[in-house]
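Undergrad: predicted model and sequence below, questions to follow.
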Amino acid sequence: MDKQKLIESLRGGLVVSCQALMEEPLHSSFIMSKMALAGQRGGAIGIRANGIEDIKAIKQEVQLPVIGIVKREYPDSPIFITATMKEVSEVVEAGAEIIAMDGTNRVRPNGKSLEELYLNIRKEYPTVLLMADISTVEEGIRASELGFDLIATTLSGYTDDTKDIPLPNTELVKSLSEQLDTPIMAEGGYWTLEDVEQALTSGAHGCIIGSAITRPMEITKRFVAKMSKVNSSME
Ligand SMILES: CC(=O)N[C@H](C=O)[C@@H](O)[C@H](O)[C@H](O)COP(=O)(O)O
């Protein structure tokens, strides 16, 4: 599929993020591939996944385009989503159609700038689609100026500058989609049907949902918290 067709195929649709890190109960490429299959059968138009093994397992199980990342922590930087060329190469090698990477203005590993990494990727892999995971309007604008194909609001709420902003941040979606032609994917903290309606009416190109669909421990916690509250109010 060519770049434009792939971007168009995401319009108005749901991407299911299938991720379980080492410390999570569902950590397993097999389980993630079945989560992806459930997403595909449910009508999702794409899958977001972390790590070579998960991406490969998912690509064997579903026919949907995959937005790939590699989460890895570095001692000299807070950036953990596809932070360097090493992770980019891993995502490409795993066969993901779209590479998502941190697009914030924070210090990157080895002191590299976002622009340096971006240019390097375009040189090495001229045909891949690139998604910038950003946290603020300024970062979204910068990512668009650099030439990213897609922007996602993934990191709003997860950086020092945005940690107090309530999620989902549909204001960020609205502001970016009003100012930019680059498609904006709503991602981060979407839990309800009203949230996705708000994302689309705010101009989102599509919506990426993880925890509310693929993290049963988090879903359980949410119900338990609500029930505890109700229980205490009835005492
Ligand atoms: C901040 C961060 O590390 N976000 C990650 C990015 O890939 C995932 O852990 C999230 O699940 C994903 O962004 C979807 O968001 P939510 O699970 O809230 O629907």
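TA: Perfect, I can see it now. Residues are numbered from 1 along each chain as shown.
Undergrad: once you drop chain neighbours, what's closest to the closest residue to the ligand within the chain?
TA: At 2.9 Å from the ligand, residue 210 is the closest residue in the chain, using C-beta to the nearest ligand atom. For every residue, glycine as well, the C-beta is placed using N, CA and C. Distances taken as C-beta to C-beta, 6 or more residues apart in numbering put residue 17 closest to residue 210, at 3.3 Å, once the chain neighbours are dropped.
Undergrad: same thing with residue 121?
TA: Spatial nearest neighbour of residue 121, excluding adjacent residues (C-beta to C-beta, 6+ apart): residue 88 at 5.5 Å.
Undergrad: ok, now which ones touch the one you found?
TA: Listed by C-beta atoms under 8 Å, 6 or more residues apart in numbering, the contact set of residue 88 reads 82, 99, 101, 117, 121, 124-125.
Undergrad: distance from the chain centre to the longest helix along the chain, please.
TA: Longest helix of the chain, by residue count under DSSP state H: helix 216-234. Distance of helix 216-234 from its chain centroid, counting by C-alpha atoms, centre = their mean, to the nearest Å, is 27 Å.
Undergrad: any part of it near the ligand?
TA: No: judged by C-beta under 6 Å from any ligand atom, helix 216-234 stays clear of the ligand, getting no closer than 7.7 Å.
Undergrad: who's in contact with that helix?
TA: Helix 216-234 is touched from outside by 24-26, 191, 211-212, with contacts defined as C-beta under 8 Å, 6+ apart.
Undergrad: circling back: let me know the secondary structure of the residue nearest to residue 210.
TA: Assigned with DSSP: H, G, I helix; E, B strand; the rest coil, residue 17 falls in the strand class.
Undergrad: I figured it hits residue 207, correct?
TA: No: counting by C-beta atoms under 8 Å, residue 17 does not reach residue 207; the two are 10.4 Å apart.
Undergrad: ok so, going back, so which of the contacts of residue 88 are also by the ligand?
TA: Counting by C-beta under 6 Å from any ligand atom, no member of the contacts of residue 88 is near the ligand.
Undergrad: so what sits opposite the residue nearest to residue 210 in the bridge?
TA: residue 48 (DSSP bridges).
Undergrad: centroid-nearest residue for this structure?
TA: In the chain, the centroid-proximal residue (C-alpha atoms, centre = their mean) is residue 154; its distance is 5.3 Å.
Undergrad: find the nearest non-adjacent residue to it, please.
TA: With C-beta to C-beta, 6+ apart, the residue lying closest to residue 154 is residue 133, at 3.8 Å.
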